[in-house]
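below: sequence and its predicted model.
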Amino acid sequence: MRIAIVDDDPIVCQSLETILTATGTAEVLWMANDGDAAVRRYFETPASRPDVLLIDIQMPGTSGLDAAREILATDPAARILFLTTFADQSYIAQAMGLGAKGYLIKQDVAAVGPPLQAGMAGQGGGGAGGAGEGARPQPGPSRSPRARSNPRSHR
C-alpha cells in the first residue's frame, strides 16, 4: 500500500514513516507539512496519488479539512484518513462529513496499520480499538477507541 503523510510536525511524519516502513505496512510516497503542499503533491502526477492519504486535521495555513475538501472535490475516490490530537467531536464530525474513511488519534500512532488497511480496502478506518465497518464516532473527549470509521465512506 502506498501512502502519503501530512502533518505540520515533522517528527510525527518521520515517526509514522518509520513505523509503517519498519512493519512493512506501507510504502510512504511523500510527506508534507501543510494543507497547500498536500494538495499540490497529491495532484503533481498520477504516480504521486497515494492509496491512502493520512492527514492532520488542524495545521497552520490550509487545514487538513480544507485540503481534504479540495482533494475530494477533484478526486471523490480519494481515500483519506485523518490524524488528529483532537478527540473534539466537531472536528471529527466535519472530517467524517467530508467523506473521510476514518480518523486516528495521534496518541495511537503505533496502531496505525489496521486503520490504513481498512481504508485501503474501502472500509471505514476501524481497527485499533475494535471499531469496525459502520462504526460511528462516539461523542465526548477521548472515549475513542483509537480509530473510527465513516458509514458514509462505503460507496
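Nice, thanks for sending it over.

and the helix of greatest length in the chain, what does it pack against?
Secondary structure of the chain per DSSP state H: the longest helix is helix 10-22. Helices and strands in packing contact with helix 10-22 are listed as strand 2-6, strand 27-32; criterion 3 or more C-beta pairs under 8 Å, 6 or more residues apart in numbering; DSSP states H and E. Yep, even glycine has a C-beta here, placed from its N, CA and C like the rest.

quick check: angle from the shortest one to helix 10-22?
Per axes from the mean of the first three to the mean of the last three C-alpha atoms, to 10 degrees, the angle that strand 2-6 makes with helix 10-22 is 170 degrees.

the regular element (helix or strand) spanning A68 to strand 27-32, inter-axis angle?
Using DSSP states H and E, A68 sits within helix 64-74. If you take the same axes, to 10 degrees, helix 64-74 sits at 120 degrees to strand 27-32.

start at 18, not 1
Done: numbering now begins at 18, and the last item shifts to helix 81-91.

using PDB, list the CA coordinates for helix 81-91.
C-alpha atoms of helix 81-91 as PDB (Å, rounded to 0.1, in the frame of the first residue of the first chain):
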ATOM      1  CA  GLY A  81      -6.300  19.200   6.700                       C
ATOM      2  CA  LEU A  82     -10.100  19.600   6.500                       C
ATOM      3  CA  ASP A  83      -9.800  22.300   3.800                       C
ATOM      4  CA  ALA A  84      -7.100  20.300   1.900                       C
ATOM      5  CA  ALA A  85      -9.200  17.200   2.000                       C
ATOM      6  CA  ARG A  86     -12.300  19.100   0.800                       C
ATOM      7  CA  GLU A  87     -10.200  20.300  -2.200                       C
ATOM      8  CA  ILE A  88      -8.800  16.900  -3.000                       C
ATOM      9  CA  LEU A  89     -12.200  15.200  -2.700                       C
ATOM     10  CA  ALA A  90     -13.800  17.800  -4.900                       C
ATOM     11  CA  THR A  91     -11.500  16.800  -7.700                       C
END
